[in-house]
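Visitor: The following comprises the amino acid sequence and a computationally predicted model.
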Amino acid sequence: MENKPKKLALISSQGTLDWAYPPFILATAAAAMDWEVGIFFTFYGLPLLKKDFKATVSPASNPAMPMKMPFGPEGFKNFNWPMPNMLMSNVPGFEAMATSMMKKTFKDKGVATVEELRDMAVEMDVKMIGCQMTMDVFGFKKEEFIDEAEIGGAATFLEFASDANVSLFV
């Protein structure tokens with residue numbers, strides 16, 4: 001009997017900073033365990049394959065984001081924001097501030113950046129498939145993406161995922 005490595009198939013459909021981490025963390029962890037890994041980047045996840053991307057935190061797209069901030073400057077740690085996320089997300093500069101605070105906290109905690117995780121995924125031969133339909137709909141060009149990105153449709157990903165041990169939508 002052939003001893004095939006385990007296989008992980010991921011779908012990445014979000015491009016905010018908080019949603020950029022899960023597919024790359026899961027992919028690099030599985031690859032480090034000698035699993036074969038493929039990620040299908042579709043809709044808002046597709047920009048994570050761009051050579052130059054700027055992922056930000058968006059409280060409006062994540063209503064579960066805690067307003068008790070466990071990160072940021074000492075004086076603001078554990079500050080309990082009295083306003084709901086939807087209101088805070090409309091405060092000018094809040095998105096930039098939240099992004100900056102999250103990046104700083106991740107750095108202080110020794111968490112790799114999304115870019116570093118993506119580079120690790122490339123080095124570990126993680127298959128990264130950019131959705132052709134999403135490219136067409138949003139007007140992206142292949143030249144905008146990292147060289148390692150493969151462009152394909154749902155059928156390309158499904159072929160990879162058809163015998164995966166684990167399939168996740170993140």
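Guide: Nice, thanks for sending it over. Every value quoted in this text rests on a predicted model; they were computed, and no experiment measured them. Numbers count the residues shown, from 1 in each chain.
Visitor: host element of the most centrally placed residue in the chain?
Guide: Among the residues of the chain, the smallest C-alpha distance to the mean C-alpha position (C-alpha atoms, centre = their mean) belongs to A20, namely 1.7 Å. A20 belongs to helix 17-32 when assigned by DSSP states H and E.
Visitor: And M128, by the same measure?
Guide: For M128, the element it lies in under DSSP H and E is strand 127-131.
Visitor: quick one: that strand to chain centroid distance?
Guide: 13 Å (C-alpha atoms, centre = their mean, to the nearest Å).
Visitor: what element comes up after that strand heading to the C-terminus?
Guide: Proceeding N to C from strand 127-131, the next assigned helix or strand is helix 132-138, under DSSP H and E.
Visitor: Which residues does that next one contact?
Guide: Taking contacts as C-beta atoms under 8 Å, 6 or more residues apart in numbering, the residues outside helix 132-138 that touch it are F41, T42, F43, L46, F140, K141, K142, I151, G152, G153, A154. (C-beta placed from N, C-alpha, C; glycine too.)
Visitor: Of all the residues in whatever helix or strand comes next after it, which ones are buried?
Guide: Sequence-wise, the next helix or strand beyond helix 132-138 is strand 150-152, with elements assigned using DSSP H and E. By neighbour count on 16 or more other C-beta atoms under 10 Å, the buried set for strand 150-152 is I151, G152.
Visitor: Neighbouring strands - and their directions - for strand 150-152?
Guide: Each strand that strand 150-152 pairs with, and the sense of that pairing, follows from DSSP bridges: strand 127-131 (parallel).
Visitor: Please enumerate residues in contact with the partner strand?
Guide: 36-43, 46, 49, 121-122, 140, 145-146, 148-154, 156-157, 160.
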